[in-house]
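Visitor: fold the following for me, if possible:
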Amino acid sequence: MKWTNDDVTMVEKFIDIRNKGYYCDGGQLTEVYNRVLEKTAPPTNCGSCMRARITELETALNQFKKTLEVKEETQPKAKITKTKKKE
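Guide: This next block holds a predicted model:
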């Protein structure tokens, strides 16, 4: 999976639109879906198909965010040392 900041923002918007009971642009959704999940699905205006794609993207986004959290926790923290100013 390949995520950019724009992809994360778009998927979060798709999720918000779905949660409000509306439909997003099927072409735009499919473009992000195919790019992020590396698939070749055709564009669709089928409501249940779009909801399924958003749900799949939401699951992938949550997994991506968990992976980032684990990486941040396992990286050693930089040690900060204070030095006196030379006069």
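
Visitor: can we go C-alpha only for contacts and neighbour counts from here?
Guide: Will do.

Visitor: got the buried residues for the helix or strand of the chain with the lowest mean pLDDT?
Guide: Sorted by mean pLDDT, DSSP states H and E, the helices and strands of the chain end with helix 47-74, the least confident at a mean of 90. Within helix 47-74, the residues that qualify as buried are 50-51, 53-55, 57-58, 60-61, counting by 16 or more other Cα atoms under 10 Å.

Visitor: mind putting those residues in JSON lines, distance to residue 22 included?
Guide: Below are these laid out as JSON lines (distance: Cα to Cα, whole Å):
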{"residue": "50", "distance to residue 22": "11"}
{"residue": "51", "distance to residue 22": "10"}
{"residue": "53", "distance to residue 22": "14"}
{"residue": "54", "distance to residue 22": "12"}
{"residue": "55", "distance to residue 22": "14"}
{"residue": "57", "distance to residue 22": "17"}
{"residue": "58", "distance to residue 22": "16"}
{"residue": "60", "distance to residue 22": "21"}
{"residue": "61", "distance to residue 22": "20"}
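
Visitor: going by distance to residue 3, which of these wins?
Guide: Nearest to residue 3 out of the buried residues of helix 47-74 is residue 61 (Cα to Cα; 8.5 Å).

Visitor: the least confident helix or strand of the chain packs against which elements?
Guide: Packing partners of helix 47-74 (3 or more Cα pairs under 8 Å, 6 or more residues apart in numbering; DSSP states H and E): helix 5-19, helix 26-37.
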